[in-house]
Structures are given as structure tokens and as C-alpha cells.
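In: Give me a 3D structure for the following:
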Amino acid sequence: MGFSPQNMPTPSFRAYSLLLPGLVRGDEVKLHDAAALEADATCPLTLEAIADGDAEEHLTQFLARHLTGPQAQDEMREALKRPLPVAAQVVRCGHQFCALPFLMHVLGSRFSCPVCRAGSAREVNLDTGCARLPAPLWRVLGDAARTMRRETQREREEEDRQVVWQELNVDIRALSIAELVADVLTFVVAFQVCVRGVVLRFCFCVVLALFCCFCPSCTVSLIYFGMTN
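Out: The predicted structure is shown next:
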């Protein structure tokens, strides 16, 4: 997505305090331009001088990773019609950051200072408007943050599946055949209650018990499949 800096307005972003939707008192953030900062202030997220940060580049790179398509480009152009904040300061602790990377961080996860964890750790409500930010900017940040949250959720679910698989595999290897058969039968009774007919359930238990005796690795796969589907 290519955007010309010549289209950016010349006035600086007016400084003010902001409480994002869904957060509580004490989570306020002060947004301002570089003129309000010390010359050597460094952003802990980008490791660059905050005063030298390029807000347009930060926003463009962020949206390129999480939003695609012509509509995203149109929304980006609309967002750039207003000045962008350069710096953000967490009021509670005083730590300072490049504004857009900080907003992206807290919108995509939970509100806490990336340095000291000060904050309520609540999720920002992306479905509510933010009156103190330009509507086009809030809209593109919200769309990208929703994508970030979905990506994070998928990663966590995959990590959880891997942990279950590893623990199950280790536990089964440590069991004797008799213990393994007993555990498999218990598992079958617990997870096959929806199967109608006593005879059918009994046959299913016998088949899995034989599977367990002669092919423990296959049984592990069957149990893992049953737990994740």
C-alpha cells in the first residue's frame, strides 16, 4: 500500500488524554506530538527515538500485516487525512512509546504497560466507537486488531493441543498394559455415552481394548482425535 507523505496535513496532532473503550480509570493514555518529548526518549517497542518515529510508516506496516484488499487501502487513505499521534504515554506509570505501535499492542491483546505491566489488563472494546480518536483511524486499528486477536487465539489453541498430545503420550508410555486397557475403557465410557445400545458400546470398548494391547501408538492417536474433535 503506497501513500504519499505530501497528502499528510501539516498541523501536529493535538495532545490530550485518552481512555480507550472498555477500560477503567487509571488506564488513561496521553497522546501527543514529538514536541512534547525529551529529545533522547526511546520507544521500548521499536527501539527507536520516539521523536524520529514515522507514524505513517508504523500504521502502514501494521495494516499490511493484518489487513489486505482494496477496502483496506481506501480506509488507510481516509485515516491519513488527519494528523497521526507520534507519542503515547501511559499516565499511571509515565512510560513513553511511539503512539501507533503502542496502540496496536494494547488493542491486539490487553491493556498493560509493555515495560512494567501497569494497567487493568482488560481488553479494549473494539465494537464501541472511540470519540477521542478520528473515526477512520479507529476503524482501521479495530479491524486490524480483530485479525490480531484471531491469530493469537489460533496460536494458543494449537499450543494447547500440542501440550495435551505431549502429556497424553508421556502418560501412556508410563502405564503398564493392564493400566492402559483400564484407562482406555474408562475413556470410552466417558466419551461414548451418546452411542445408543449397550451391545454397540460394549463392542466398541472391546475393539479399543484390543487396539490398546496390540497397537498402543494407534490408541494414542484415537484418544487425541476424540479429545480435539
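In: Let me see the domain layout of the chain.
Out: As recorded under automatic domain parsing, the domains making up the chain are 5-152, 175-228.
In: In terms of mean pLDDT, which of the ones you listed ranks lowest?
Out: If you rank these by mean pLDDT, domain 175-228 sits at the bottom with a mean of 56.
In: Which helix in this protein has the most residues?
Out: If you go by DSSP state H, the chain has its longest helix at helix 135-174.
In: Now that helix: buried residues?
Out: Neighbour counts over helix 135-174 (16 or more other CB atoms under 10 Å) mark 136-148, 165, 172 as buried. C-betas here are computed from N, CA, C, even on glycine.
In: show me where the chain has helices.
Out: For the chain, helices defined by DSSP H occupy the ranges 55-66, 70-79, 99-108, 135-174, 177-191, 198-214, 216-228.
In: Give me the angle between the fourth one and helix 55-66.
Out: Meaning helix 135-174. Helix 135-174 runs at 40 degrees relative to helix 55-66, counting by axes from the mean of the first three to the mean of the last three CA atoms, to 10 degrees.
In: what angle sits between helix 135-174 and helix 70-79?
Out: For helix 135-174 against helix 70-79, the angle by the same axes, to 10 degrees is 130 degrees.
In: elements contacting helix 135-174?
Out: The contact analysis (3 or more CB pairs under 8 Å, 6 or more residues apart in numbering; DSSP states H and E) places helix 135-174 against helix 55-66, helix 70-79, helix 99-108, helix 216-228.
In: The closest residue to Gly53 other than its chain neighbours bridge partners, please.
Out: Once flanking residues are discounted, Gly53 sits nearest to Cys98: 4.1 Å by CB to CB, 6 or more residues apart in numbering. Beta bridges link Cys98 to Ala87 when assigned by DSSP bridges.
In: Go ahead and confirm Cys98 touches Leu47.
Out: No. Look at Cys98 against Leu47 with CB atoms under 8 Å: they stay out of range, at 9.9 Å.
In: With neighbour numbers in mind, choose between these two.
Out: Cys98 (29 against 8; other CB atoms under 10 Å).
In: Now do the same contact list for the more buried one.
Out: With contact set as CB atoms under 8 Å, 6 or more residues apart in numbering, Cys98 has these partners: 43, 45-46, 48, 50, 53, 55, 58, 86-88.
In: Only whichever of these are buried, select them in ChimeraX.
Out: Buried residues among the contacts of Cys98 (16+ other CB under 10 Å), as a ChimeraX selection:
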select :43,45,50,53,55,58,86,87,88
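In: Which of the contacts of Cys98 sits closest to Glu157?
Out: Leu45 (26.1 Å; CB to CB).
In: Which residue comes closest to the closest one once chain neighbours are left out?
Out: Counting by CB to CB, 6+ apart, the residue nearest Leu45 is Pro101, at 4.5 Å.
In: what's the burial count for the one you found?
Out: Neighbour tally, Pro101, other CB under 10 Å: 21.
In: so how far is Leu23 from it?
Out: To Leu23, Pro101 is 18 Å away according to CB to CB, to the nearest Å.
In: cool, Ala64 as well?
Out: Taking CB to CB, one finds Ala64 at 27 Å from Leu23.
In: Show me which of the two is the more surrounded one.
Out: Set Ala64 next to Leu23 and count neighbours by other CB under 10 Å: Leu23 wins out with 21 against 13.
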